[in-house]
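[1] kindly return the folded structure for what I paste below:
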Amino acid sequence: MDLLRHLRFFAAVADEGHFGHAADRLGMSQPPLSQGLRRLEDQLGVTLLTRGSRGVRLTTAGADLLPRARALLDGSEQFLEAARRQRENRGAVRIGVIAALSDSHLAALTAAVRAAAPDPRARTVITSTASTAELVDEVARGGLDCAVVHHPALLGDLRAGQVLKIPRTLLVPEDHPAAGERTTLRALRGLACATAPRAHGTPAFDLLVDTLRGKGLDPDFLPAPGDRDALGAVAAGRAFALTTDPQLRSPGVRTSPAGEELALRVRVIWAEPGPPPDVRSAIENALAAA
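    The predicted structure follows:
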């Protein structure tokens, strides 16, 4: 018996409460639909529906099994959709990045990978954004070919490229007394720091805390995985933040250089065999030059 087909019969009749209406919805005649439901009930050994002059109603067993039937049907659709994506994206390079990278960095590494890919099929680049912890897990399980993550990070058995330092710009509320072309961190006391939550990458978060404390600053922290969240907190006068986009501008926000000690440190990670070395080098060179 085609279980999924017969479960579709069951769900349609349960929704419509009428065999004729369900048959119309499924694009079939009523007799094979009724026969199919009988076959399903015989196979399961339970009665799913009661048939009467007022229509069709779920039995106790039917009411219990209907959500499970829907879950199986939904799962089959998701499976087919995932298979379709795999088919269409066969050979594509799948790259994950952290939200701390700017849009220009993402565009630069995508263009570089397309230019470096030896196989024409690999010139299709699929990017996704997630936390360092999520990207490490995704690379380890094979869902991504490689990823750009915070350094330091817990990588397990994954391989990693060189540590790259990407300059960052300090974002400060425009009306804060410390706002200016050369803002000192010590002058930002009283403001929180808007940055990615510690759970997104514990070692990198702890390094930022230590660096700020070394500069005489021990702020509270507001969760801000990317620039949009950070800008909102800074413009509201609640926090300062760091961005890798030197061109980032927003009303209510002033910018100044953050200094080398607060540069974003990242690495490209992969699981063996990973993408071709030329692709990994292209990503590193693009990030270094962007």
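
[2] where does Gln162 sit: helix, strand or coil?
    Secondary structure, DSSP: H, G, I helix; E, B strand; the rest coil: Gln162 is coil.

[3] just use 469 as the starting number from now, easier for me
    Happy to do that; since the first residue is 469 now, the last one works out to Gln630.

[4] contacting residues for it?
    By C-beta atoms under 8 Å, 6 or more residues apart in numbering, the contact set of Gln630 is Arg735, Glu752. Where you see a C-beta, it was placed from the backbone N, CA and C, and this is true even at glycine.

[5] let's see that with 7 Å instead.
    Counting by C-beta atoms under 7 Å, 6 or more residues apart in numbering, Gln630 makes contact with Glu752.

[6] what of the one 4 residues further on?
    Ile634 makes contact with Thr712, Ala731, Leu732, Val734, Leu755, according to C-beta under 7 Å, 6+ apart.

[7] just the buried ones out of these, please.
    Buried residues within these, counting neighbours by 16 or more other C-beta atoms under 10 Å: Thr712, Leu732, Val734, Leu755.

[8] which one among those gets closest to Ala615?
    Nearest to Ala615 among those: Val734, at 9.7 Å, using C-beta to C-beta.

[9] now find how far off-centre the helix or strand hosting that closest one is within its chain.
    Using DSSP states H and E, Val734 maps to strand 732-738. Distance of strand 732-738 from the chain centroid (C-alpha atoms, centre = their mean, to the nearest Å) equals 17 Å.

[10] and of the buried ones among the contacts of Ile634, the nearest to Leu639?
    For these, the residue nearest Leu639 by C-beta to C-beta is Thr712; the value is 11.3 Å.

[11] now do that closest one against Asp695, distance only.
    Thr712 sits at a distance of 8 Å from Asp695 (criterion: C-beta to C-beta, to the nearest Å).

[12] again, but for Ala628
    25 Å.

[13] in the stretch 619-758 of the chain, where is pLDDT below threshold?
    Residue ranges of the stretch 619-758 of the chain with pLDDT under 70: 649.

[14] for Pro693, what are its contacts?
    Shown in contact with Pro693 (C-beta under 7 Å, 6+ apart): Ala567, Ala664, His668.

[15] how does it look with 8 Å?
    Shown in contact with Pro693 (C-beta under 8 Å, 6+ apart): Ala567, Ala568, Ser599, Ala664, Pro665, His668.

[16] same deal with Ala703?
    When contacts are counted by C-beta under 8 Å, 6+ apart, Ala703 touches Pro641, Glu642, Ser718, Pro719, Gly720, Val721.

[17] send the alpha carbons of stretch 604-622 over as CSV?
    The C-alpha coordinates for stretch 604-622 follow below in CSV (Å, rounded to 0.1, in the frame of the first residue of the first chain):
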residue,chain,number,x,y,z
VAL,A,604,31.2,24.9,13.5
ASP,A,605,28.5,22.3,13.9
GLU,A,606,27.2,22.8,10.4
VAL,A,607,30.7,22.3,8.8
ALA,A,608,31.4,19.3,11.0
ARG,A,609,28.2,17.6,9.9
GLY,A,610,28.8,18.4,6.2
GLY,A,611,26.1,20.9,5.7
LEU,A,612,28.7,23.6,4.7
ASP,A,613,31.9,23.2,2.7
CYS,A,614,33.6,25.9,4.8
ALA,A,615,32.8,28.8,7.0
VAL,A,616,34.3,32.1,8.3
VAL,A,617,34.1,32.1,12.1
HIS,A,618,35.4,34.1,15.0
HIS,A,619,38.9,33.4,16.4
PRO,A,620,39.4,32.0,18.9
ALA,A,621,36.8,29.3,18.7
LEU,A,622,36.4,25.6,19.7
